[in-house]
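J.: build me a structure from this.
(chains A and B)
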Amino acid sequence: MIKGLYSAFTAMEAAWKYQDVLANNVANANTAGFKREIGAQQSFADVLLSQQAGVPAPLSARIQAVVGQIGSGTFMADFSTDFSGGALKTTGNELDFALDKGFFGVEGVDGEVFYTRDGRFNRDANGDLVTSHGYYVLNSAGGHINLPPDAVTVGSDGAIAGNGNVIDQLGVWDFAPAQLSRAGEAYFMSSEPGTPIDGGVRQGFIENSNSDMVEEMTTLLAVQRTYQANQKILSVLDGTLDQAASSIGQFGGQ
Amino acid sequence: MTSILGAAASGLQLNQAVLEAVGQNLANANSTAYKKVRVLAEGAPDATASPDGGRLGVAEITRDQIFSVGAPQTTDGLLHFAITDDTFFRVKDFDDSIVYTRFGALDMDSERNVVAFRGRLLEPPVTVPDGMTQPAIGPSGVLSALDADGVRQEIGQLTLVRFMNPQGLEALGDGLYRESANSGASTEGAPASDGFGAITPGAVEAANVDIAEEFTNMIIAQRAYQASAKTFSVGDEMLLIATNLTR
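T.: Below you'll find the predicted structure:
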C-alpha cells in the first residue's frame, strides 16, 4: 500500500517536470530558432527495494537485506529535442538568415562555440557580423566575418558578396541530433566538430519556433488531468491507510 | 516546481511587448520616414545549461528598429526629397547637438535658412541669399535657388552619412537619431557618388510599416498571449492540488 503511495507520487512528480517543459515550449512559441522538447514517459523497471543501512552482525543472519519488490511508478525518462524545422518567415532584412539544413556557428565571450538556427544578425560598431547578444558569427574557417557598411548579398551557398566581390563564406555545420546538447532556448553546443555544408542559406528569412501550439496545449491539459488523477489515488490510499491504522484491531461492537 | 508559472509569465510579457510594438507601428503607418520596430523573443546562449534546468520560458525580449527603406511618396515640394538607401543627413538639434534624420521635408524659415523638421538647421547650415527665391534640391543633393534673372544658382550641398550599424543609433523621437558607441564608424558623401544612392526630389519617404504584417503579428501575439495565460492557470491549479494533498 505504501508502495502505491510512491507510485502515485512519482507520477505526480513526472507530471510537474513535463509541465515545465510544455510551459517552456508554449512561452517560446515565437522565439526564432527555438527547438521544442518532447518528453517520453516511462515506468520504472521493477527494482528490488533494499535496506539503506547494513544490519548489525547478530541480526543479519535472520533479516534479509532485500525487503521486497517495487515497481509501476512513472518517471520522465528523457526529454529530447525535436529538431524539425520551424516555419520560415520572410522579413526582407539584409542580415536575417534561415537555413534549410544545419546550424550557424556563434562564438561566445569565452571563445566557446554555440550552434543555432536563429539567424537574426547585425553589424557591430566595427562591421563584424554578430548576433543581437554581440556574439561573433563564424565563417566557414571558424573566424569572424567583417562586412563593409554597404549592403551585402548572401547566396544560397553562403557566399557573402559586397559590390560584386565575394568577401567571406558563412559557416554552416550539420550534426547528428545526439551530438548536440541544449545551451539556452535556441542554442546548442557540441563536443564534436560538425560536418561543414554549403547550401540552403536564405537571406531575408528567419526561422520561427517549431513549437506546435495546439499540441503543446493539448498535452498540457492532459498532463494536468494525470496529475489530478494521481492526487486522487493518493488521497484514496491515504484514507485506506488511515482506516488500517486506526480501525484494524479495534474491539468490535462498541 | 514553480518554473511553469515563470515560463508562462515570460510568454505573457513577450506577447504584450509585441502588441505594444504593433500599436506603435500602426499608429505611425503614415508618419514620414518612420522606421518600424520589431519585438522578438530570443534564446540566450548558456554554456552552463544542464539538460534538466533552465526552462524558464523566453530568455530575452529584443526590440529592434528595422531600417529598410520606405516607398517614396510624391509631394512635389521643391525642397522635399526621399533617401533611397540606408543613410541619414545631418541636422543641428535645438540644443546645438548634431543629430541625424531621414525626414527629407526641408523648408525655408523666416530668416531664409533651409531647415529640416520643426525648424532645425542643416549642418553645415544653408541660407538662401537675399533676392533669390524658390530654393530646391536635386537628385545629387545640390541645393539651388533662382536669382533675380531667374537663373538657378547653387547655394549649398547636402551630404549623406552612412553608419556601420544603424540599429545602434540612439532613437530620439521626431525621426531623429544620435550617434552612439554601437553605431560605429560613419562615412559621408554626396548623394549619387561613392556608393551613396541618389535622392528622389519632390517626394518624401513613407513609413516602412506593412499593415498586413502588423495585423498578422497582432493575431499571433494575441493567441500566444491566451495560450500563456492558460498555461499559467494550469500551473496555478496544479499548485492548488499539491497544497491540498494533506487535508
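J.: mind showing which ranges of chain B have poor pLDDT?
T.: B:1-2, B:51-54, B:246-247 (pLDDT under 70).
J.: 80 instead, please
T.: Filtered on pLDDT under 80, chain B yields the residue ranges B:1-2, B:43-44, B:46-56, B:59, B:245-247.
J.: contact residues of the stretch 151-254 of chain A facing chain B?
T.: Counting by C-beta under 8 Å from any C-beta of the partner chain, the stretch 151-254 of chain A comes close to chain B at A:151, A:163, A:181-187, A:189, A:213, A:216-217, A:220-221, A:224, A:227-228, A:231, A:234-235. Where you see a C-beta, it was placed from the backbone N, CA and C, and this is true even at glycine.
J.: so of these, which ones are in strands?
T.: In strands, judged by DSSP state E, the following of those are found: A:181, A:182, A:187, A:189.
J.: and the chain, what are its domains?
T.: Since you didn't name a chain, this refers to chain A. A:2-83+A:211-253, A:88-207 (automatic domain parsing).
J.: that was the other one, I meant chain B.
T.: Taking automatic domain parsing as the reference, chain B has its domains at B:2-66+B:209-245, B:72-205.
J.: thinking again about what came up before, want to throw the ones in strands among the residues of the stretch 151-254 of chain A next to chain B into a markdown table with neighbour count and pLDDT?
T.: Formatted as a markdown table, those follow (neighbours: other C-beta atoms under 10 Å in any protein chain shown; pLDDT from 0 to 100):
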| residue | neighbour count | pLDDT |
| --- | --- | --- |
| A:181 | 13 | 89 |
| A:182 | 22 | 88 |
| A:187 | 30 | 91 |
| A:189 | 19 | 92 |
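J.: mind picking the two most distant members of those residues?
T.: For these, the maximum inter-member distance is 10.1 Å, found between A:181 and A:187 (C-beta to C-beta).
J.: still on that earlier bit, distance to chain A and mean neighbour count added to the domains of chain B, as TSV?
T.: Converted to TSV, the domains of chain B look like this (distance: least, C-beta to the nearest C-beta, whole Å; neighbours: other C-beta atoms under 10 Å in any protein chain shown):
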stretch	distance to chain A	mean neighbour count
domain B:2-66+B:209-245	3	18
domain B:72-205	3	17
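J.: make a markdown table out of those and add distance to residue A:6.
T.: Listed next are the domains of chain B as a markdown table, based on distance: least, C-beta to C-beta, whole Å:
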| stretch | distance to residue A:6 |
| --- | --- |
| domain B:2-66+B:209-245 | 14 |
| domain B:72-205 | 55 |
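J.: quick one: which of those is nearest residue A:205?
T.: Among the domains of chain B, if distance is taken as C-beta to C-beta, the winner is domain B:2-66+B:209-245, at 13.7 Å.
J.: residue B:194: what's its closest spatial neighbour, skipping adjacent residues?
T.: Residue nearest to residue B:194 in three dimensions, not counting chain neighbours: residue B:187, with 8.0 Å by C-beta to C-beta, 6 or more residues apart in numbering or on different chains.
J.: kindly provide the distance from residue A:120 to residue B:85.
T.: For residue A:120, the distance to residue B:85 equals 21 Å [C-beta to C-beta, to the nearest Å].
J.: for the stretch 1-150 of chain A, give me the ranges with low pLDDT.
T.: Within the stretch 1-150 of chain A, the ranges that satisfy pLDDT under 80 run A:1-3, A:40-78.
J.: can you give me the strands in it?
T.: Shown for the stretch 1-150 of chain A, the strands assigned by DSSP state E, counting those that start in this stretch span residues A:37-43, A:47-50, A:66-70, A:74-81, A:88-90, A:96-99, A:103-107, A:113-116, A:119-123, A:129-131, A:136-137.
J.: and the gap between residue B:74 and residue B:161?
T.: Distance, residue B:74 to residue B:161, by C-beta to C-beta: 25 Å.
J.: my read: the residue nearest to residue B:194 touches residue B:160, true?
T.: No. Between residue B:187 and residue B:160 there is no contact under C-beta atoms under 8 Å: 9.2 Å.
J.: for the helix or strand hosting residue B:156, which strands pair with it and how are they oriented?
T.: Using DSSP states H and E, residue B:156 sits within strand B:152-157. Applying DSSP bridges, strand B:152-157 is found paired with strand B:142-146 (antiparallel).
J.: tell me how many other residues surround residue A:216.
T.: Residues lying near residue A:216 (other C-beta atoms under 10 Å in any protein chain shown) number 22.
J.: I appreciate the help and will end here.
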